[in-house]
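*Asks:* what would the 3D arrangement of this be:
(chains A and B)
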Amino acid sequence: MHDKYLIKNKSIKLNSNLKPSIGLKVTNANLAYKNNVVFNNLSADIVGGQWTCILGPSGVGKSTLLRMIAGLEQTDNSKTITTSDGFNPTKFISWMSQQDLLLPWLSVSQNISLGNKLRKEPIDYTYINSLLVEVGLDQRSESLPGTLSGGQRQRVALARTLMEGRPVVLMDEPFSAIDAITRSRLQELASSLLQGRTVLHVTHDPLEALRLGHNIHILTGRPAHLGHVIHPPGKTPRDPTKPELRNLHLEILDQLSYASEESSRAGIQ
Amino acid sequence: MKFIRPIIVFIGILILWQLIVTLTDVAPFILPSPIEVLTTATERVNILIWHAKITIIEILLGLIFGTAFGVMSALVMSYYRPARSWLLPVLVVTQAIPVFALAPILVLWLGYGLLPKVVMATLIIYFPVTAAFYDGLRRTETGWLDLAQTMGATKYTILRRIRLPAAMPAFASGLRVAAAVAPIGAVVGEWVGSSAGLGYYMLLMNGQVQTDAMFAALFVLALVATTIYFIIDALLSRAISWQSESDPSHTT
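*Replies:* From the prediction side, this is the model:
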């Protein structure tokens, strides 16, 4: 019915802007584990077609927010999370976690097409091959994940996310377990390949957020709420060491340290 | 090359055995020398093979049925919650009652043929397979399940594509144990009441004080059991070659 939003694999040109872009709307979300209230009337607007980063001290509920949007956490009301035009978002999102979550018994290309297999859809092998080329793993399509390095595995996970062809990508610190050099290459790769999609990216690294995000929010407090949005200037991926980003970096660090004091007072950490 | 060491150990034991016999001058009906056993075994090779065939069939049928019932029970317990409270006690009871105690009853009910031995082997295999596979099905990495859920997978495709393959290493451990204990079921059945099989032949020779023939049958049994074990082990290792292993004795 709202198929027009689902991106057909064949029609994708990588790097091209996807139209129309879908945003996300969180309206008065409540979430609690037993007596531990994580969100109370949390609202958020995630702008379609842009990269939004969420920063926050550990334990504040960044991952939980992402999982809630992905439909992995039960909210009290199914209407709290919708696309910007009011649909249930589950069909529009794909989720990338901190672990690559590759299945060790499947080859690289089988892992990439996992979603199609699970939904019993036909698999477009030429598209897999073009994705493998994009992430620089075309020589490894038959390899098992166990033979790949951490950075390579995360690139496979990125290709698997792209294979899903969803307009909204939820990323839960996908680059945090990788060494610095590989991380910065992966960030550039992700930034170019996900251009034009709606990305909600949870991270603990302010520099990563400054590098990739069109919008940066800070999640603080318990119950957690989103702070005002920061728009770093310039095209992404940026060089976060540039002088015009320095002040923003300091500002974010300031807010984060305040937030982490706040949460240690609340006994989260 | 990896077979050389076990062969050295085996030959060492034979030499030690021969030494004990020569030095202590023990009566042949108490402990025959390895040479005597070997001579008897070659003389009676046809009859030993005939009995071994029966035992092998019992073991293999037991493995097939035990594994099939075990896999089904594990699946039912995983996916149908009420079955857990019904089946788990049964599972524990099948282990609490020693098969040795059940053997006479099974022979009484099912006669002297293949059936009671197959049932015995099945019973002894059922538990390790069920327990290991059930455990494996429940310990699927939750991240994989989350990912599958966001990809719109159904319960069935998650079972088929994620839980089942992820449970294979655990299932393989259960099946290895099963392959090692299956001969016990078959042989105990033969001891209690039968007219064929290596266990029966050992008992018969024991009655006739032909200890050398008993030992010969024992060796054939050991050979059969280890061969079955290694074939199953090799098949399983191939099936789950993706699983990375770590050597606990290895220090970095």
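*Asks:* got the buried residues for the longest helix seen in chain B?
*Replies:* Secondary structure of chain B per DSSP state H: the longest helix is helix B:45-79. The neighbour-count check on helix B:45-79 (16 or more other C-beta atoms under 10 Å in any protein chain shown) flags B:48, B:51-52, B:54-59, B:61-63, B:65-67, B:69-71, B:73-78 as buried. For the C-beta atoms, the positions are set from N, CA and C on the backbone; glycine is no exception.
*Asks:* same question for stretch B:133-150.
*Replies:* B:133-137, B:140, B:144-150.
*Asks:* just the CA trace of it, in PDB.
*Replies:* Taking C-alpha atoms only, stretch B:133-150 is exported to PDB below (Å, rounded to 0.1, in the frame of the first residue of the first chain):
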ATOM      1  CA  PHE B 133      19.900 -29.800  21.600                       C
ATOM      2  CA  TYR B 134      17.300 -28.200  23.900                       C
ATOM      3  CA  ASP B 135      20.100 -26.200  25.500                       C
ATOM      4  CA  GLY B 136      21.500 -25.200  22.100                       C
ATOM      5  CA  LEU B 137      18.100 -24.000  20.900                       C
ATOM      6  CA  ARG B 138      17.600 -21.800  23.900                       C
ATOM      7  CA  ARG B 139      21.100 -20.200  23.800                       C
ATOM      8  CA  THR B 140      20.900 -18.500  20.500                       C
ATOM      9  CA  GLU B 141      22.700 -15.200  20.500                       C
ATOM     10  CA  THR B 142      20.000 -12.600  21.200                       C
ATOM     11  CA  GLY B 143      21.600 -10.100  18.800                       C
ATOM     12  CA  TRP B 144      20.900 -12.500  15.900                       C
ATOM     13  CA  LEU B 145      17.300 -12.900  17.000                       C
ATOM     14  CA  ASP B 146      16.900  -9.100  17.300                       C
ATOM     15  CA  LEU B 147      18.400  -8.600  13.800                       C
ATOM     16  CA  ALA B 148      16.100 -11.200  12.300                       C
ATOM     17  CA  GLN B 149      13.100  -9.600  14.000                       C
ATOM     18  CA  THR B 150      14.000  -6.200  12.500                       C
END
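*Asks:* now do that stretch, average pLDDT.
*Replies:* In this model, stretch B:133-150 has an average pLDDT of 94.
*Asks:* any part of that stretch near chain A?
*Replies:* Yes - using C-beta under 8 Å from any C-beta of the partner chain, stretch B:133-150 comes into contact with chain A via B:Glu141, B:Gly143, B:Trp144, B:Asp146, B:Leu147, B:Ala148, B:Gln149, B:Thr150.
*Asks:* next one: that stretch to chain centre, how far?
*Replies:* The chain centroid and the centroid of stretch B:133-150 are separated by 29 Å, computed with C-alpha atoms, centre = their mean, to the nearest Å.
*Asks:* quick one: the helix or strand harbouring A:Ile128 near chain B?
*Replies:* Using DSSP states H and E, A:Ile128 falls within helix A:125-134. No - using C-beta under 8 Å from any C-beta, helix A:125-134 stays clear of chain B, coming no nearer than 15.5 Å.
*Asks:* please state the offset of that helix from the chain centre?
*Replies:* Distance, centroid of helix A:125-134 to centroid of chain: 21 Å (C-alpha atoms, centre = their mean).
*Asks:* same for it, what does it pack against?
*Replies:* helix A:108-112, helix A:150-164 (3 or more C-beta pairs under 8 Å, 6 or more residues apart in numbering or on different chains; DSSP states H and E).
*Asks:* mind listing what's buried in it?
*Replies:* For helix A:125-134, by 16+ other C-beta under 10 Å, it's A:Tyr127, A:Ile128, A:Ser130, A:Leu131, A:Leu132, A:Glu134.
*Asks:* residues touching the nearest residue to the fourth one once chain neighbours are set aside, list them.
*Replies:* The reference is to A:Leu131. Excluding the flanking residues, the one nearest A:Leu131 by C-beta to C-beta, 6 or more residues apart in numbering or on different chains is A:Ala159, at 4.4 Å. Contacts for A:Ala159 (C-beta atoms under 8 Å, 6 or more residues apart in numbering or on different chains) come out as A:Ile112, A:Ile128, A:Leu131, A:Leu132, A:Glu134, A:Val135, A:Leu137.
*Asks:* secondary structure for the residues of stretch B:133-150 next to chain A - can I get that in JSON lines?
*Replies:* Listed next are the residues of stretch B:133-150 next to chain A as JSON lines, based on DSSP: H, G, I helix; E, B strand; the rest coil:
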{"residue": "B:Glu141", "secondary structure": "coil"}
{"residue": "B:Gly143", "secondary structure": "helix"}
{"residue": "B:Trp144", "secondary structure": "helix"}
{"residue": "B:Asp146", "secondary structure": "helix"}
{"residue": "B:Leu147", "secondary structure": "helix"}
{"residue": "B:Ala148", "secondary structure": "helix"}
{"residue": "B:Gln149", "secondary structure": "helix"}
{"residue": "B:Thr150", "secondary structure": "helix"}
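*Asks:* any idea which of those is closest to A:Ala29?
*Replies:* B:Thr150 (17.8 Å; C-beta to C-beta).
*Asks:* pretty sure that closest one sits against A:Leu72.
*Replies:* Yes - B:Thr150 is within contact range of A:Leu72, at 6.9 Å (criterion: C-beta atoms under 8 Å).
*Asks:* so what's in contact with the two at the same time?
*Replies:* Taking C-beta under 8 Å, 6+ apart as the contact rule, B:Thr150 and A:Leu72 both touch A:Trp95.
*Asks:* quick one, phi/psi of A:Leu200?
*Replies:* A:Leu200 adopts backbone torsions of phi -120, psi 110, taken as degrees, to the nearest 10.
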